[in-house]
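Peer 1: Starting from these lines, generate the structure:
(one chain, ligands or ions: 2)
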Amino acid sequence: MDAAQIENELTSIVLTTEQIDSRIREIAAEIDNDYANAEKPVLMVGVLKGAVMVMADLARAVSIPVEFDFMAVSSYGSGTKSSGVVRIIKDLDIDLAGRDVLIVEDILDSGLTLSWLIKNLKSRNPKSIEVMTMMRKPDAIKIEVPAKYIGFDIPNEFVVGFGLDYAEKYRNLREVGVLAPHVYGGE
Ligand code: IMP
Ligand code: MG
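Peer 2: Numbering: from 1, shown residues only. Ligands and ions are numbered 1, 2, ... in the order given. Predicted structure coming up:
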């Protein structure tokens, strides 16, 4: 789905497909370089469901061998804000011991989900653990989340597309756009 097809449901486009593609290629080159001497394939851990598009694009953009795993977590909280209390819905299948782990995220907002996740995965004795996030919102700067690879810093607005949803919709939008208030019951 393209932004042009749902023009009246978006107020602006935050990231075009060209911006997304070229930034992912840049980050992939950094990752190739940083893990050039890794002993085992890098284990990319995607956080469902939002990270699916980033995973698919990033994994194909790198030249190094990688393995995939996915984790689904739910953070208790009201509406669009997360509370930091996290529950594992689907755990990883692969043992992290001795592995180079790269957590792949769609967006870093309060950072609460990711700080919890890093702590949880560190307790499984990986060799290393780093974070790649496609987007970061201003609030994320308040909390110390060590994301090594950051796609874009975006404005503090509710965005959809490239994996990000509103009520499970718009994940398949190619671009990232700001959702128009009338869609979620605003004026
Ligand atoms: P936090 O960093 O713990 O606040 O939560 C980050 C998660 O909230 C992301 O992985 C998304 O699933 C969701 N999220 C945060 N901001 C947005 C947004 O603008 N649109 C859609 N989902 C968002
Ligand atoms: Mg997420």
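Peer 1: Might one say that Ile118 is in contact with Ser128?
Peer 2: No - counting by CB atoms under 8 Å, Ile118 does not reach Ser128; the two are 11.8 Å apart. Bear in mind the C-beta positions are built from the backbone N, C-alpha and C, glycine included.
Peer 1: Run through the residues of the protein sitting next to ligand 1.
Peer 2: Proximity of the chain to ligand 1 (CB under 6 Å from any ligand atom) is limited to residues 50, 75, 82, 105-114, 158-160, 164.
Peer 1: For the protein, just list every one of the strands.
Peer 2: 10-15, 42-48, 66-76, 85-90, 100-108, 128-136, 149-153, 159-160, 176-179 (DSSP state E).
Peer 1: show me where pLDDT drops low in this protein?
Peer 2: 76-84, 186-187 (pLDDT under 70).
Peer 1: what about the longest helix in it?
Peer 2: In the chain, assigned by DSSP state H, the helix with the most residues is helix 17-34.
Peer 1: the inter-axis angle of that helix versus strand 149-153?
Peer 2: Between helix 17-34 and strand 149-153, the angle comes out at 160 degrees (axes from the mean of the first three to the mean of the last three CA atoms, to 10 degrees).
Peer 1: Name all residues that make contact with Asp69.
Peer 2: Leu43, Met44, Val45, Gly46, Leu92, Asp93, Ile94 (CB atoms under 8 Å, 6 or more residues apart in numbering).
Peer 1: nope, Val66 is what I meant
Peer 2: Residues counted as contacts of Val66 (CB under 8 Å, 6+ apart) are Pro41, Val42, Leu43, Met44, Ala59, Leu102.
Peer 1: and the gap between it and Thr17?
Peer 2: Distance from Val66 to Thr17, counting by CB to CB, to the nearest Å: 23 Å.
Peer 1: And Val86, by the same measure?
Peer 2: Applying CB to CB, the value for Val86 to Thr17 is 32 Å.
Peer 1: if you count what's nearby, which of those two comes out ahead?
Peer 2: Comparing Val86 with Thr17 by other CB atoms under 10 Å, the one with more neighbours is Val86, at 20 against 15.
Peer 1: follow-up on the earlier one: looking at Ile118 and Ser128, which is more packed in?
Peer 2: Under the criterion of other CB under 10 Å, the comparison of Ile118 against Ser128 puts Ile118 first, with 19 against 13.
Peer 1: Please give me every residue in contact with the more buried one.
Peer 2: Ile103, Ile129, Val131, Val145, Pro146.
Peer 1: Against ligand 2, how distant is it?
Peer 2: Distance of Ile118 to ligand 2, computed by CB to the ion, to the nearest Å: 14 Å.
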